[in-house]
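J.: Coordinates only, no sequence provided:
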Ligand code: G4P
């Protein structure tokens, strides 16, 4: 048996201290966020400008160009191209101003909101992007609700100020009255649309002037003090006066900027700018880095886990198959929550207790990958997933932890998925199982074992089309969809025993989810309410409970 000398112990303590300091420093340098917006508000454009500052791309237009390239390298992205929509989520990591930024990109189409919900589970901050002419739009409101549930700090960027828009005060009012968030304008616009002249930085009392450039070209940003006499030659006095009056109004009636309220998701710093002309993007990024929440403690079955916990832990928030059809690979995206992740590390999977060596972790930038040697809280790594991970799975070293799972949201469209060609059953089975694991769609099963066809349950019709398209192009099977005419699904709290107590029930169909749990399908809310009235003891949920320790049903 080897004895530990006091000198060994001292050097171990020094090493531990060194490690802790390095970990604390790495966490302090990290910011992670997702953009929530309605399609067309300018998310792609803003992302591109942010990446330009990070030096991650060299030229404007590269995100779209990258998108085009990507679309031809992957079959199912072909569908994105045909429909002109963005379905896939990617993670973009870049360095700016001595900070490592992880931008979690989310699909723009509302039929893929479930994917966005999962991405938001991995985000520490959200940027809410609004079109100045439209204000809050349906998809933004929906995503905001998810941020609210998770108390994610929200930073608002009001875009397209170079075009005629709504009154800035009205836009702030809308945020306050409809979302219940306290807006705090970090800068204030001088004029708008044709008369947009720039913004006043509320904290530094500086004016950043906007000089109109040709469409798509970068506008110049000249800075002047609000007291600079030259200002009156550059901006119409009445526009400046109006902006100053409005600012005084805000100072008089509005709350003070309070970072605690920002971090609890109750106050939102608001920025005005124009992503297309690259006006106000750099000031936004600088202020965001200063105010955003660093990676924080996250809830687990054992209470909150601090990112400074020396042992690595993280959770899977997204699975994606066939990102690159040349490799037919599957990637599990893991959000690092504590400690340092190192290549070749052996970790445990909390759901099954299995030990797994993570030998080829990847960093992904859109479609490009590089092997990563280490990663820190707030980062996202991609793991090759030979079918062992499920969404919500926790990976850890040291003592066991299990992060709060990511709930499935209630689907609204249900359809039998038929395989008309029995000889293709093997591929059909593989495709259905893999797409279920990935969470591309939820799969329900008839309780009658003789009816083997799966039921696809989705939030939007397009999600079903993507599944069909992918089955055809990635697994070589033609399928038929047969709509079921239900619109509402509820999980039964208490499972099968609770359901059996009710005896016979009417106007609903009982099916099971992939975790053998009963799900009730209804044609409409009215039928659901009727059942709940008839059986006051019955408790149902719109969100599937999180599972642990069970292998899912496969076809
Ligand atoms: P999305 O990802 O949120 O769907 O939006 P995207 O960035 O694709 O922008 C949607 C449209 O809004 C694009 O115009 C884009 O150029 C325009 N846009 C984005 N930011 C601004 C802005 O600050 N000012 C103005 N005036 N327009 C902006 P498009 O005509 O659909 O495409 P494109 O031909 O410009 O590429």
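T.: It's in. For clarity, every value in this text was computed on a predicted model and none was experimentally measured.

J.: Just give me the neighbour total for the nearest residue to residue 207 once chain neighbours are set aside.
T.: Leaving aside its sequence neighbours, residue 207 sits nearest to residue 224 (CB to CB, 6 or more residues apart in numbering; 5.0 Å). C-beta: built from backbone N, CA, C; applies to glycine. Neighbours of residue 224 under the rule other CB atoms under 10 Å: 16.

J.: With residue 433 instead?
T.: 18.

J.: Near the nearest residue to it once chain neighbours are set aside, how many residues? Count them for me, please.
T.: Among residues not flanking residue 433 along the chain, residue 554 sits closest, at 4.9 Å (CB to CB, 6+ apart). When neighbours are counted by other CB under 10 Å, residue 554 registers 14.

J.: ok, residue 554 to the ligand distance?
T.: 37 Å (CB to the nearest ligand atom, to the nearest Å).

J.: list the helices and strands the one helix or strand residue 520 maps to packs on?
T.: Using DSSP states H and E, residue 520 sits within strand 518-522. Strand 518-522 makes packing contacts with strand 488-492, helix 495-502, strand 509-513, helix 525-534 when contacts are defined by 3 or more CB pairs under 8 Å, 6 or more residues apart in numbering; DSSP states H and E.

J.: coming back round to it: SS state for the residue nearest to residue 433?
T.: Under the three-state scheme (DSSP: H, G, I helix; E, B strand; the rest coil), residue 554 adopts coil.

J.: From residue 432, how far out is it?
T.: Distance of residue 554 to residue 432, computed by CB to CB, to the nearest Å: 9 Å.

J.: check which helix or strand covers residue 101.
T.: Judged by DSSP H and E, residue 101 forms part of strand 99-104.

J.: can you list the domains in the protein?
T.: Annotated domains of the chain cover 22-90+109-291, 313-396, 413-541 [automatic domain parsing].

J.: Need those domains in TSV (columns: mean pLDDT and distance to residue 405).
T.: TSV is the format used below for the domains of the chain (pLDDT from 0 to 100; distance: least, CB to CB, whole Å):
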stretch	mean pLDDT	distance to residue 405
domain 22-90+109-291	84	9
domain 313-396	84	4
domain 413-541	91	11
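
J.: nearest to residue 103, of those domains?
T.: domain 22-90+109-291 (6.3 Å; CB to CB).

J.: any idea how far that closest one is from the chain center?
T.: 16 Å (CA atoms, centre = their mean, to the nearest Å).

J.: Reformat the domains of the chain as JSON lines; add distance to the ligand.
T.: Output for those, formatted as JSON lines (distance: least, CB to the nearest ligand atom, whole Å):
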{"stretch": "domain 22-90+109-291", "distance to the ligand": "3"}
{"stretch": "domain 313-396", "distance to the ligand": "14"}
{"stretch": "domain 413-541", "distance to the ligand": "15"}
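
J.: can you list the ones you listed in TSV and add distance to residue 406?
T.: Listed next are these as TSV, based on distance: least, CB to CB, whole Å:
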stretch	distance to residue 406
domain 22-90+109-291	5
domain 313-396	5
domain 413-541	9
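
J.: before we move on, back to that, now find how far off-centre the strand holding residue 101 is within its chain.
T.: The answer for strand 99-104 is 13 Å, by CA atoms, centre = their mean.

J.: If the residue nearest to residue 492 when sequence neighbours are not counted is in a bridge, with which residues?
T.: In this structure, residue 492 finds its nearest non-sequential neighbour in residue 518, 4.6 Å apart by CB to CB, 6+ apart. For residue 518, the beta-bridge partners are residue 512 (DSSP bridges).

J.: give the contact list for residue 518.
T.: 491-492, 495-496, 499, 510-512 (CB atoms under 8 Å, 6 or more residues apart in numbering).

J.: where's it relative to residue 241, distance?
T.: 66 Å.

J.: same deal with residue 516?
T.: 68 Å.

J.: Tell me which of these two has more neighbours.
T.: residue 516 (15 against 12).
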